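Asker: this is a predicted model, with the sequence first.
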Amino acid sequence: MNTKYTKSLVLAGAMAIASLADAAQYVYLSGSTAARSIVYNTIINGATVFDAAPTVVVQGGKSLSGANYMNFHGNVGGNDTILKCHWSGSEAGIADLVGGTELFLTDTATTILDGTSPDATVSSPVDLAMADNAKNYSRNPSVAATGAKVGIIAFKWVAEKGSAAGLTGVTDQSIRAAFAGTAKLALFTGNPADTTRVFVTGRDSGSGTRVNAYGTCGFGIFSAPSQLQVNLDGSMVDQGGGVYLGDYGYSSGGTVAAQMGYDLTQATSKDVAPLGDGASHFSVIAYLGAADANTAVANGGTALTYNGVPFSLGAIEEGQYNYWGNEYIYKKNNGLSTQAGTVFTKLSTGIPANADNNTLIGTSSMHCTRGGPTSDPVHN
């Protein structure tokens, strides 16, 4: 073997790959974890955004469409393009467009589906963001960004595995009490003998799922909640110094869905939060996007009715089940590259065309509308 010749070929190949990466145009997308699966399916079909099916690399999840980090590589309009996604949450995505940066997978990343954090990332400004609510219902209502409504995003409430058997539904009143950290099970069941407590597990302040949950129940979009997290053994997470309740939320709906499978009937699952007796079991409810909620139920959780109405496509379309949001894609107005503008246009038309009437509902299917999470649905 000609070792020198072989090394030359390897070097030449590496230089060619580097040259390809240098020539590629980059587009950076962040935002809604609730919408990521529908966006993923829109991108990979090879007819909507890319000229042909792109190569895909994902990390930070246990499924391709449920990963928090995604790279797509192929041609868009004949131009070599790398589209990088970090599903950071709707509020975080809108905030990214103000001028901040986000972390994305490196060009050399490979797919890892073990649910762990990415092995290597790079920081970049963001071009586009998905959001489960209009920017005027966000923490950055004056962000210089242009949006296109692409459908209706559906949400569900779920009870964690091992929660009380009588916990079958939630109401606005009981949700608000749970957010305050003082909800007795009796408020959910109507049975005065149900004296154990119900807590909320949910998302951090970067989440659009949270914005819609807080706004729809009347708790207040920007109000500070009493949320808790649960360990795999069913015990409450001590956030430090014996503190269990507060604004403790997850950055991803997938992580909430995973916790919904942690069994609360375990001996280690005891109410040790303030006012707890340290001995009784407790129940947990959580708010999730429809796709993550389905995962939560598959993990052992229980889907809950909302104000007495079970989740269904028809109930959302008619405005009876009102935990849903308007889904948008936004592009920053300043400094947007031509290629990022092209991807925005393709996604703003392609996502509605790929609405599955489950995770994302097409606007043409709706018989009601709402301005945002603090308003009631109005029948057309």
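Answerer: That came through, no problem. Residues are numbered from 1 along each chain as shown.
Asker: can you map out the strands along the stretch 51-200 of the chain?
Answerer: 55-59, 69-76, 79-86, 101-105, 121-125, 128-131, 145-159, 169-170, 183-184, 197-201 (DSSP state E, counting those that start in this stretch).
Asker: doesn't Ile38 belong to a strand?
Answerer: No - assessed with DSSP: H, G, I helix; E, B strand; the rest coil, Ile38 is helix; it does not lie in a strand.
Asker: looking at the chain, which helix or strand is least sure?
Answerer: The helix or strand of the chain with the poorest confidence is helix 3-23; it has a mean of 42 (mean pLDDT, DSSP states H and E).
Asker: quick one on the thing from earlier: looking at the strands of the stretch 51-200 of the chain, which one is packed in the most?
Answerer: strand 128-131 (a mean of 30; mean count of other C-beta atoms under 10 Å). All C-beta atoms are positioned from the backbone trio N, CA, C, and that covers glycine.
Asker: who's in contact with it?
Answerer: Contact with strand 128-131 is made by 27-32, 35-36, 39, 87, 90-91, 93-94, 96-97, 138, 145, 147, 208, 327-332, 340, 343-344, 347, as judged by C-beta atoms under 8 Å, 6 or more residues apart in numbering.
Asker: give me the distance between the closest residue in space to Phe188 that isn't next to it in sequence and Thr305.
Answerer: Of all residues not flanking Phe188 in the chain, Ser174 sits nearest, at 5.1 Å (C-beta to C-beta, 6 or more residues apart in numbering). Using C-beta to C-beta, to the nearest Å, one obtains 11 Å as the distance from Ser174 to Thr305.
Asker: the two: who's more crowded?
Answerer: Ser174 (22 against 16; other C-beta atoms under 10 Å).
Asker: if we can go back for a sec, surely the residue nearest to Phe188 and Ala183 touch.
Answerer: Yes - counting by C-beta atoms under 8 Å, Ser174 does reach Ala183; the two are 6.0 Å apart.
Asker: which neighbours do the two have in common?
Answerer: With C-beta under 8 Å, 6+ apart as the test, Ser174 and Ala183 both reach Val198.
Asker: quick one: Leu288 is in a strand?
Answerer: Yes - assessed with three-state DSSP, Leu288 lies in a strand.
Asker: does it touch Ala154 like I think?
Answerer: No - if you go by C-beta under 8 Å, Leu288 and Ala154 don't touch, sitting 10.1 Å apart.
Asker: could I get the contacting residues of Ser63?
Answerer: Leu113.
Asker: now it: how far from Asn294?
Answerer: 12 Å.
Asker: and what of Arg203?
Answerer: In terms of C-beta to C-beta, Arg203 sits 17 Å off from Asn294.
Asker: again with His281
Answerer: 26 Å.
Asker: same question for Val378.
Answerer: Taken as C-beta to C-beta, the span from Val378 to Asn294 is 28 Å.
Asker: try Gly166
Answerer: 23 Å.
Asker: for Leu232, same thing?
Answerer: 21 Å.
Asker: what are the buried residues along stretch 262-275?
Answerer: The neighbour-count check on stretch 262-275 (16 or more other C-beta atoms under 10 Å) flags 262-264, 269-273 as buried.
Asker: contacts for it, please.
Answerer: Counting by C-beta under 8 Å, 6+ apart, 160-163, 181-182, 196-197, 199, 228, 230-236, 244-245, 276-284, 300 sit against stretch 262-275.
Asker: now stretch 358-369
Answerer: 34-35, 37-38, 149-154, 289-291, 313, 316-319, 324, 327, 351-352, 354-355, 357, 377-380.
Asker: switch to 7 Å and redo it
Answerer: With C-beta atoms under 7 Å, 6 or more residues apart in numbering as the test, stretch 358-369 has contacts from 35, 37-38, 149, 151-154, 290-291, 313, 316-319, 327, 352, 355, 357, 377-380.
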